[in-house]
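> Predicted model and sequence below, questions to follow.
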Amino acid sequence: MSVEKRTSTNVLLDTALKNFYGAAAEMGLEDGLVEILSRSERKVCVSIPVELDDGTIRVFDGFRVLHSSALGPGKGGVRFHPDVCVDECEALAFMMTWKCSLAGIPYGGGKGGVSCDPLELSPREKERIARTFAARIEPFVGAWTDVPAPDVNTGGPEMIWFMDTISKMRGRLEPAIFTGKPISLWGSKGRTAATGLGVATCAMELLKVLGKPVKDATVAVQGFGNVGTYAAKVLSEAGAKVVGVSDITGTYFCKDGLDIAKAMAHVSNHPKKLLEGYQQAGLEKLPLADVLFLDVDVLLPCALEGAINAKNADMVKATFIVEGANGPVTPEADAVLDAKGILIVPDFLANSGGVVGSYFEWCQDLAGFFWTEEEYNERLLRIMRDNFHRVWEYSQEKSIKMRRAAFMVAIKRVADAVRMRGIFL
Ligand SMILES: NC(=O)C1=CN([C@@H]2O[C@H](COP(=O)(O)OP(=O)(O)OC[C@H]3O[C@@H](n4cnc5c(N)ncnc54)[C@H](OP(=O)(O)O)[C@@H]3O)[C@@H](O)[C@H]2O)C=CC1
Ligand SMILES: O=C(O)CCC(=O)C(=O)O
């Protein structure tokens with residue numbers, strides 16, 4: 001039997017599938033498992049009717065995809081963004097399966113989202129969307145079925161609206177269904193910074209194995225949201241020089257290094273949480289895309305998928321790329337960057353600090369016993385460093401790129417679970 005390969009017009013899904021098929025072929029995965037693992041167990045599409053503040057009604061589309069539950073309950077964020085669609089959610093759920101597997105945590109892959117533009121919505125409108133979305137996906141989520149978390153444009157408030165709605169529907173508190181909650185309401189110390197801390201840790205481990213000092217290494221960060229800010233903060237605190245950061249208002253560049261704490265304070269005080277208007281001595285404002293083309297040691301794409309693609313890959317000057325976002329480099333760009341000798345730490349290794357941190361929160365919620373931030377960070381750093389080295393060493397041993405090595409390690413664990421449990425999960 002030969003496998004009929006799935007393709008997609010959605011770039012992110014097509015990328016995820018191509019990377020999976022390539023790794024599956026290289027490791028000689030049997031056809032039946034390739035068929036099973038190239039499809040999602042469940043794709044839920046819901047409509048979300050909401051009354052806006054002006055009294056009009058709008059219906060938004062929402063999605064929750066469970067790619068695989070072979071290793072445990074689904075795990076993955078919920079995104080609020082105008083481009084959200086079922087294919088994008090499937091691609092991200094697919095990547096969550098490999099991310100959780102690679103991280104060695106007991107979860108499968110899930111992802112969800114609502115197609116909406118948060119910049120156009122009031123907080124009350126966002127709350128109505130979040131609560132109706134939660135109510136409509138209620139039959140499909142649970143601490144032992146599928147555990148959502150924050151992603152682009154969602155965070156603590158959305159997780160509380162989700163948790164509160166489902167707790168009311170079930171008549172009991174359900175804290176372990178959602179992670180990324182505020183610390184005061186069954187959240188965990190450390191979770192907010194976890195993804196960025198993990199990205200920065202991978203960058204520092206990479207520099208270390210290559211014998212390059214972190215001190216004065218130059219860094220550029222695309223996206224100054226949850227992942228980008230904390231990655232920039234940790235690296236600048238470790239002595240690296242973060243010379244460029246960006247959000248949708250443009251690229252902010254300073255050759256002597258940006259003051260990341262000051263930039264974070266500016267964003268947190270900005271009414272729309274933007275870098276717009278940020279000032280410091282020596283600052284230059286550059287066009288949006290320029291952050292990707294700065295001549296730096298390390299580039300961290302921490303915004304959205306497809307940022308580095310066939311059209312712009314040739315202009316990238318960084319020596320290393322550590323992928324903070326999910327899917328920021330398309331396969332075509334990957335080939336161009338490889339030819340230029342640019343080394344890439346793949347997304348589902350580099351940004352796995354978020355889901356590892358969510359796992360810690362879930363454990364604490366189930367136990368009703370909470371850890372200190374030191375305990376949380378100590379465990380997170382140990383896992384991130386071990387995982388980085390496992391993938392790095394495997395890629396060296398096999399003379400393959402880190403992305404391929406990470407896929408092979410991750411697919412093996414899921415395939416073993418399917419073999420042990422039987423195919424009808
Ligand atoms: N949060 C988490 O724990 C995890 C997130 N990720 C992934 O990391 C990425 C970022 O997520 P997160 O930080 O949570 O999201 P946020 O919404 O907090 O931040 C996203 C940032 O990207 C910026 N951005 C969007 N488009 C562009 C663009 N074209 N150029 C420059 N900046 C842009 C946004 O700018 P603005 O604010 O101006 O819109 C914002 O600063 C996503 O791919 C997500 O899936 C992965 C693992 C875990
Ligand atoms: O924290 C989580 O559970 C998932 C985070 C996520 O969506 C991701 O890693 O892409």
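Arrived safely, thanks for sending. Ligands and ions are numbered 1, 2, ... in the order given.
> Give me the distance from stretch 287-304 to the chain's centre.
Centre-to-centre, stretch 287-304 and its host chain are 17 Å apart (Cα atoms, centre = their mean, to the nearest Å).
> give the contact list for Arg170.
Glu138 (Cβ atoms under 8 Å, 6 or more residues apart in numbering). All C-beta spots, glycine's among them, are computed from the backbone N, C-alpha and C.
> Now with 10 Å, please.
Glu138, Gly142, Ile177 (Cβ atoms under 10 Å, 6 or more residues apart in numbering).
> Then Val219?
Applying Cβ under 10 Å, 6+ apart, one finds that Val219 lies in contact with 200, 203, 231-232, 235-236, 240-245, 257-258, 260, 294, 296-300, 318, 320, 322.
> Describe which strands the helix or strand harbouring it pairs with in its sheet and in which direction.
Val219 is part of strand 218-222, with elements assigned from DSSP states H and E. With DSSP bridges as the test, strand 218-222 is paired with strand 241-247 (parallel), strand 298-301 (parallel).
> For the spatially closest residue to Cys202 that is not a sequence neighbour, give its distance to Arg42.
Take Cys202 and drop its neighbours on the chain: the residue closest to it by Cβ to Cβ, 6 or more residues apart in numbering is Ala350, 4.5 Å away. Using Cβ to Cβ, to the nearest Å, one obtains 28 Å as the distance from Ala350 to Arg42.
> The two: which has the busier surroundings?
Shown here are Ala350 and Arg42; by other Cβ atoms under 10 Å, Ala350 has more neighbours (34 against 15).
> Surely the more buried one is in contact with Val298?
No: with contact defined as Cβ atoms under 10 Å, Ala350 and Val298 do not form a contacting pair (11.1 Å).
> quick one: common contacting residues for these two?
Residues touching both Ala350 and Val298 (Cβ under 10 Å, 6+ apart) are Ala200, Cys202, Ala203, Leu206, Ala231, Ile321, Val322.
> most surrounded residue in those residues?
Result: Ala231 is most packed of the shared contacts of Ala350 and Val298 (other Cβ under 10 Å), 35 neighbours.
> Assign a three-state SS to whichever residue of the stretch 251-400 of the chain sits closest to ligand 2, would you?
Using Cβ to the nearest ligand atom, the single residue of the stretch 251-400 of the chain nearest to ligand 2 is Ser358, 3.3 Å away. At Ser358 the chain is in helix, as set by DSSP: H, G, I helix; E, B strand; the rest coil.
> ok and the residue in the protein nearest ligand 1?
Residue of the chain nearest ligand 1, by Cβ to the nearest ligand atom: Gly225 (1.7 Å).
> what pLDDT does that residue get?
pLDDT for Gly225: 95.
> Enumerate every residue touching the residue in the stretch 151-300 of the chain that ligand 2 sits nearest to.
Nearest residue of the stretch 151-300 of the chain to ligand 2 (Cβ to the nearest ligand atom) works out as Asp151 at 4.7 Å. Shown in contact with Asp151 (Cβ under 10 Å, 6+ apart): 76-81, 84, 92, 111-113, 158, 180, 226-227, 326, 354.
> For the nearest residue to Ser38 once chain neighbours are set aside, what are phi and psi?
Spatial nearest neighbour of Ser38, chain neighbours left out: Arg6 (5.5 Å); criterion: Cβ to Cβ, 6+ apart. Main-chain dihedrals, Arg6, degrees, to the nearest 10: phi -80, psi 140.
> what number of residues lie near Arg6?
Look at Arg6: counted by other Cβ under 10 Å, it has 15 neighbours.
> Ok, Val84 next?
Count around Val84 with other Cβ under 10 Å applied: 25.
> my guess is it contacts Val152, does it?
Yes: between Val84 and Val152 there is a contact at 8.8 Å, judged by Cβ under 10 Å.
> shared neighbours of those two, anything?
Residues touching both Val84 and Val152 (Cβ under 10 Å, 6+ apart) are Val78, Gly113.
> Which of the strands paired with strand 218-222 sits closest to Val65?
Nearest to Val65 among these is strand 298-301; the distance by Cβ to Cβ comes to 23.3 Å.
> mean confidence for the next helix or strand after that closest one?
Sequence-wise, the next helix or strand downstream of strand 298-301 (DSSP H and E) is strand 320-322. Per-region confidence: strand 320-322 scores 98 on mean pLDDT.
> Strand 320-322 near ligand 1 at all?
No: legend: contact between strand 320-322 and ligand 1 by Cβ under 6 Å from any ligand atom is lacking; minimum distance shown is 12.0 Å.
> Run through who's touching that strand.
Counting by Cβ under 10 Å, 6+ apart, 198-207, 210, 212, 217, 219, 221, 231, 235, 292, 296-302, 308, 328-329, 333-334, 337, 342-347, 349-351 sit against strand 320-322.
> go again using 6 Å as the cut-off
Val199, Cys202, Ala203, Val298, Leu299, Leu300, Leu343, Ile344, Val345, Ala350 (Cβ atoms under 6 Å, 6 or more residues apart in numbering).
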